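Chemist: using only what follows, build the 3D model:
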Amino acid sequence: MNELTGWARGMPLEDLVWREWLVTNGLGGYASGTIGGACTRRFHGKLIAALPAPLGRTMMLNHLAEWITTADGRSFTLSGDERAAREVTYADPEFLEEFVLECGIPVWRFANDGIRLEKRVVMPYSQNTTYIIYRLLDGPAGVTLHLRPSLNFRPHEGLLADSSDTWTITVNDRDLEINESGDFPPLRIALLGGSVELKRQPEKIEHVIYRIERSRGYEHEGPLWSPGVIHIGLARGEDCGIVASVESWDVIHALGVADVVEADQARRGKLLAIADEAVAGEMSAQLVLAADQFLIRPHTRSADEARIAAMGDTPRTVIAGYHWFTDWGRDTMISLEGLTLVTRRHREAGSILRTFASYVRDGLIPNMFPEGEHAGLYHTADATLWFFHAIARYVKWTSDRETLRALLPKLVEIIDHHVRGTRFRICVDPKDGLLSQGEEGYQLTWMDAKVDDWVVTPRRGKAVEINALYYNALRILETFLREEGDDGTARRMSELADRARKSFNERFWYAEGQYLYDVIDANDPALRPNQIFSLSLDHPVLDPSRWKEVLHAVERELLTPYGLRSLARHHSDYKQHYDGDLRARDAAYHQGTVWGWLVGPFIDAWLRVYPEDRARALRFLDGFKSHLSDACVGTISEVFDAEEPYTPRGCVAQAWSVSEVLRCLYALGAV
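Modeler: Purely as a prediction, here's the structure:
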């Protein structure tokens, strides 16, 4: 697989602090930062460990200032120094030659004045460990690498509180153990190289500023603590650096640097080999590796992990987005096909479905699992309906009837709960057979922004995509039941579906605009992308005579190079930009902001209306190709501004964005 270039000498310097990188460990832990090394988010760090509840994901190694010196007194900066907290400091652009992803692994190449140096970051799979590896490719004798780690143990989304003054350092040859308090495990740092030394210079760095957090209205200033400076004599062709970990010393020392790099490359190569025909193209191959970042063991919920494992299954879930999202039911079910089925990770797909089935309560799967907690939150009207969609796609890909038979009773139970009514006033209206939802103070659809007590887009009532999903779920269940010989229950599902379809087509059509209402009974005529699901799902609820009108209304008003706007531009609530503080952002989150994942259902709808025009459908994905080298290199952002230049916003890596683009590439034969 060829390299993906994220920055090269001569590109704008602001890209060094704008573009980011991400490495993950299969547990929900990660390492992330800017290409230039500046920490602009409170989530940027070299080791964010996924720890059992109540800790959750925890910042263990925040920053690493890096520079080299030569015997004749020259000095070159590899990454910024946090002591210059009120300035953006980053790698010397005259020394940094390029930043690339090599099979998904971030690699920095430095070159100047006869010195060539390479750096890479690797997280061994299923370990809370980060290797930061350097290699002098060329240069004179006497080149020394200097590293100054800075720490503030805290929840990765936590307040930037002043840490205690009780830091302790234990040194055993090349092994350092750093403790702050009993609340967090120790950070263990192993020093790598032929000539290494820690020079103790404990120092508190005041007023470190995280600029993106400041622009987003969050706490953005706090201290770090450093134990001193690590000095490593560089020898040409020799790997050196540090290992940062919360694992035991036995685990840390189990593999050498070459073994870790080889194992990581072999694993990534295996992912690409398993995906096979899905990675014939460079873009899709990169997305297969990006997809891997979201598939994790629910390691922070150790009790749940143990319970599911005791049942003979392998617990799996999906991180909705990095850096701050946990696993969300809706995002997981929408993402399942692209992340696991297109990539041929069928066993994990089945594990995810069975894992979520174990959490069904009152006919609902969880909306989300809060960071550092065991219990899920169930305030969602659509995640459970997407569960049916995900199961149908899984069975189509795998023919796994055993899993289907195990889940069928739960699926029938789910529909029964919806018909008679369940939490949050989710119920089928006996008057028209349509699914209604909504409770004061809750946001139950995917348009779920909420600030304090303000639900920005409450959409209470009968929402268009909720009823499209409900009809789709009924038809899916009807088919499964007939295939399994339960004709009586299948007929009941068919009757519910027939009634819902009739009422949908009678009530949702907005004749004046020639598209669908977003919500009835309020008869909200806002032109939103939610109506696309009425013809994009496997079982379209919308009458075929109206497919073209709806498709072209969405295309005309909502389509951009990066997905669909969440609201038409002529609406009074339309917002062009998703920026500012939390209230300003949430006011724009579903009021115009572009969502990348919606390109998937739009392409499905396009192919339903124009099945022969696959070339045009493929062009709807063109913008994402260049985006892979932008924002967080190698992945796809959560949202984009509604107007040019469509600046990427929100999470730097979003599961359903990656999944839907990859799924469409595969469906269009462009992989």
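Chemist: stretch 32-41: end-to-end distance?
Modeler: Length of stretch 32-41, first residue to last, Cα to Cα, to the nearest Å: 10 Å.
Chemist: centre of the chain to that stretch, how far?
Modeler: Relative to its chain's centre, stretch 32-41 lies at 18 Å (Cα atoms, centre = their mean, to the nearest Å).
Chemist: pLDDT on that stretch, on average?
Modeler: Averaged over stretch 32-41, pLDDT sits at 95.
Chemist: what's the answer for stretch 107-117, then?
Modeler: Averaged over stretch 107-117, pLDDT sits at 96.
Chemist: then it to CSV, C-alphas only?
Modeler: Provided in CSV are the C-alpha atoms of stretch 107-117 (Å, rounded to 0.1, in the frame of the first residue of the first chain):
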residue,chain,number,x,y,z
VAL,A,107,5.7,8.6,10.2
TRP,A,108,7.6,11.9,10.4
ARG,A,109,10.7,12.3,8.2
PHE,A,110,13.2,15.0,9.1
ALA,A,111,16.1,16.1,6.9
ASN,A,112,18.5,19.0,6.9
ASP,A,113,22.2,19.7,6.8
GLY,A,114,23.3,16.1,6.4
ILE,A,115,21.0,14.7,9.1
ARG,A,116,18.1,12.4,8.2
LEU,A,117,15.8,11.2,11.0
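Chemist: could I get the buried residue list for that stretch?
Modeler: Of the residues in stretch 107-117, 107-111, 115, 117 count as buried by neighbour count, 16 or more other Cβ atoms under 10 Å. For glycine as for every other residue, the C-beta is placed from the backbone atoms N, C-alpha and C.
Chemist: who touches it?
Modeler: Contact with stretch 107-117 is made by 3, 35, 68, 70, 74, 76, 78, 91-92, 94-101, 118-120, 134-140, 143, 234, as judged by Cβ atoms under 8 Å, 6 or more residues apart in numbering.
Chemist: please convert the buried members of those into PyMOL selection syntax.
Modeler: Selecting only the buried members of the contacts of stretch 107-117 in PyMOL, with burial defined as 16+ other Cβ under 10 Å, works like this:
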select buried, resi 35+68+70+76+78+91+92+95+96+97+98+99+100+101+118+119+120+134+135+136+139+143+234
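Chemist: quick revisit: quick check: the farthest pair among the buried residues of stretch 107-117?
Modeler: Using Cβ to Cβ, the pair of the buried residues of stretch 107-117 lying farthest apart is Val107 and Ile115, separated by 16.6 Å.
Chemist: quick one: low-confidence parts of this structure?
Modeler: Where the chain drops to pLDDT under 70, the residues are 1-2, 83-88, 163-164, 671.
Chemist: and the gap between the residue of it most remote from its centre and Leu64?
Modeler: For the chain, the residue at maximal distance from the C-alpha centroid (Cα atoms, centre = their mean) is Asp72, at 46.1 Å. Using Cβ to Cβ, to the nearest Å, Asp72 is found at 25 Å from Leu64.
Chemist: swap in Glu549?
Modeler: According to Cβ to Cβ, Glu549 and Leu64 sit 56 Å apart.
Chemist: who has more neighbours, those two?
Modeler: Between Glu549 and Leu64, counted using other Cβ atoms under 10 Å, the more crowded position is Leu64 (26 against 15).
Chemist: could you check how far the more buried one is from Leu224?
Modeler: For Leu64 relative to Leu224 (Cβ to Cβ), the value is 11 Å.
Chemist: ok, Arg475 next?
Modeler: For Arg475, the distance to Leu224 equals 56 Å [Cβ to Cβ].
Chemist: could you point out the bridge partners of Gly241 in the sheet?
Modeler: Note on Gly241: beta-bridge partners by DSSP bridges are Ile133, Leu192.
Chemist: isn't it right up against Thr130?
Modeler: No. Counting by Cβ atoms under 8 Å, Gly241 does not reach Thr130; the two are 10.1 Å apart.
Chemist: what's the single longest strand in the chain?
Modeler: Using DSSP state E, we find that the single longest strand of the chain is strand 195-209.
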